[in-house]
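S.K.: Provide a 3D model corresponding to the input given below.
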Amino acid sequence: MIFESHAHYDDRRFDSDRDKLLSSMQEQGIETIINVGSDLRGAQETVALTEKYDFIYGAVGIHPSDIGDLNEEVYTWMQETSRRPKIAAIGEIGLDYYWDKDEEVKRSQRYWFCRQMELAREEGLPVIIHSRDAAEDTLKLVQGIHGEEIPGVIHCFSYSLEMAKEYIRMGYYIGIGGVVTFKKAKKLKEVAAQIPLEHILLETDCPYLAPEPERGKRNSSLNLPYVVQEIAELRGISREEVEEVTRENARRLFWKVK
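M.R.: Predicted coordinates for the structure are as follows:
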């Protein structure tokens with residue numbers, strides 16, 4: 001069985017068939033799903049999904065591109081919500097310099113990233129970190145607030161093998177999804193092949209980033225076997241080993257999952 005560590009089933013692209021799709025997951029080998037909030041609406045709908053489906057757990061947090069949703073009232077809501085039994089992480093949080101390179105925006109992203117990291121520390125929860133075009137700042141910030149004390153995963157990892165090793169030294173996991181199947185994803189293939197399997201989590205980021213041969217279509221957790229196969233081939237091990245070890249990794253990180 002596969003543990004899906006990062007999905008967005010609150011996304012409106014699932015409105016037409018969400019229940020039918022999710023109801024088919026376990027019979028098709030997807031044991032557990034972490035649904036991850038990225039804006040306030042998504043975080044609220046994530047809570048609703050955890051209440052409806054036994055096998056779905058949630059993460060609440062505000063994505064760096066959506067920090068306009070954040071204020072003290074929302075922060076207090078996240079703090080209270082994070083104490084619910086099926087909220088297993090704070091995320092996705094982090095830095096994203098791809099869309100907006102304004103220095104004031106970057107400062108605001110760093111401020112709220114730190115605040116949400118501290119929330120995770122206070123509540124004893126792991127973090128799900130998004131980092132795009134912000135490699136140096138993300139690493140410095142995590143190191144600066146003693147990230148080794150706050151377990152977590154670097155979601156949709158896109159940086160070098162050397163940077164992956166820096167995070168692993170702090171105890172972090174590396175999230176690997178459909179991009180690893182792309183022919184030009186040489187850096188990620190190197191990471192998937194060389195870091196300890198005990199530090200890899202499987203994820204989709206669905207509805208985004210569908211793997212080959214489904215690239216360009218709406219993604220779902222049902223495509224994770226393609227990711228499993230690619231990692232197994234890169235490492236020269238069985239699919240079963242990839243599934244089993246990454247499942248145990250995710251259960252170790254997301255300790256609230258039963």
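
S.K.: ok, Asn219 touching Glu212?
M.R.: No. Asn219 lies out of contact with Glu212 (CB atoms under 8 Å); the separation is 11.6 Å. Using the backbone N, CA and C atoms, a C-beta is placed for each residue, glycine as well.

S.K.: three-state assignment of Leu95?
M.R.: strand (DSSP: H, G, I helix; E, B strand; the rest coil).

S.K.: what does the pLDDT read for the closest residue to it other than its chain neighbours?
M.R.: Nearest residue to Leu95, sequence neighbours excluded (CB to CB, 6 or more residues apart in numbering): Ala134, at 3.8 Å. pLDDT for Ala134: 97.

S.K.: show me what contacts Ala134?
M.R.: Ala134 is in contact with Gly94, Leu95, Asp96, Tyr97, counting by CB atoms under 8 Å, 6 or more residues apart in numbering.

S.K.: helices of the stretch 151-258 of the chain, start to end?
M.R.: 161-169, 186-194, 224-235, 239-253 (DSSP state H, counting those that start in this stretch).

S.K.: the last one to helix 186-194, inter-axis angle?
M.R.: Looking back up the chat, that one is helix 239-253. Going by axes from the mean of the first three to the mean of the last three CA atoms, to 10 degrees, helix 239-253 is angled at 90 degrees with respect to helix 186-194.

S.K.: buried sites along helix 239-253?
M.R.: Neighbour-count burial for helix 239-253 flags Val242, Glu243, Val245, Thr246, Arg247, Asn249, Ala250, Leu253 (criterion: 16 or more other CB atoms under 10 Å).

S.K.: for the protein, which spans come out with low pLDDT?
M.R.: For the chain, no stretch is flagged by pLDDT under 70.

S.K.: that one: strands as residue ranges?
M.R.: Applying DSSP state E to the chain gives strands spanning 2-7, 30-36, 56-60, 87-96, 127-132, 152-154, 173-176, 200-202.

S.K.: what's the closest of the ones you listed to Phe113?
M.R.: strand 87-96 (5.6 Å; CB to CB).

S.K.: first-to-last residue distance for stretch 195-205?
M.R.: 21 Å (CA to CA, to the nearest Å).

S.K.: ok, Glu243 to Val257 distance?
M.R.: 16 Å (CB to CB, to the nearest Å).

S.K.: any idea how far Ser158 is from the residue nearest to Leu95?
M.R.: From Ala134 over to Ser158 (counting by CB to CB), the distance is 11 Å.

S.K.: may I see the helices of the stretch 151-258 of the chain organised as CSV, with distance to Glu104 added?
M.R.: Below are the helices of the stretch 151-258 of the chain laid out as CSV (distance: least, CB to CB, whole Å):
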stretch, distance to Glu104
helix 161-169, 26
helix 186-194, 31
helix 224-235, 37
helix 239-253, 34
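
S.K.: right, so of the ones you listed, which gets closest to Gly124?
M.R.: Comparing the helices of the stretch 151-258 of the chain under CB to CB, the one sitting nearest is helix 239-253, at 12.5 Å.

S.K.: who touches both of Asn219 and Glu212?
M.R.: Common neighbours of Asn219 and Glu212 (CB under 8 Å, 6+ apart) are Gly178.

S.K.: neighbour count for the two, which is higher?
M.R.: Asn219 (23 against 16; other CB atoms under 10 Å).

S.K.: Lys140: which of the strands of the chain is closest?
M.R.: Per CB to CB, nearest to Lys140 of the strands of the chain: strand 87-96, 10.3 Å.

S.K.: in its sheet, which strands sit next to that closest one, and in what direction?
M.R.: strand 56-60 (parallel), strand 127-132 (parallel) (DSSP bridges).

S.K.: what sits up against the last one?
M.R.: This points to strand 127-132. Residues contacting strand 127-132 (CB under 8 Å, 6+ apart): 6, 34, 36, 59, 61, 63-64, 89-98, 116-117, 120, 138, 142, 150-156, 158-159, 175.
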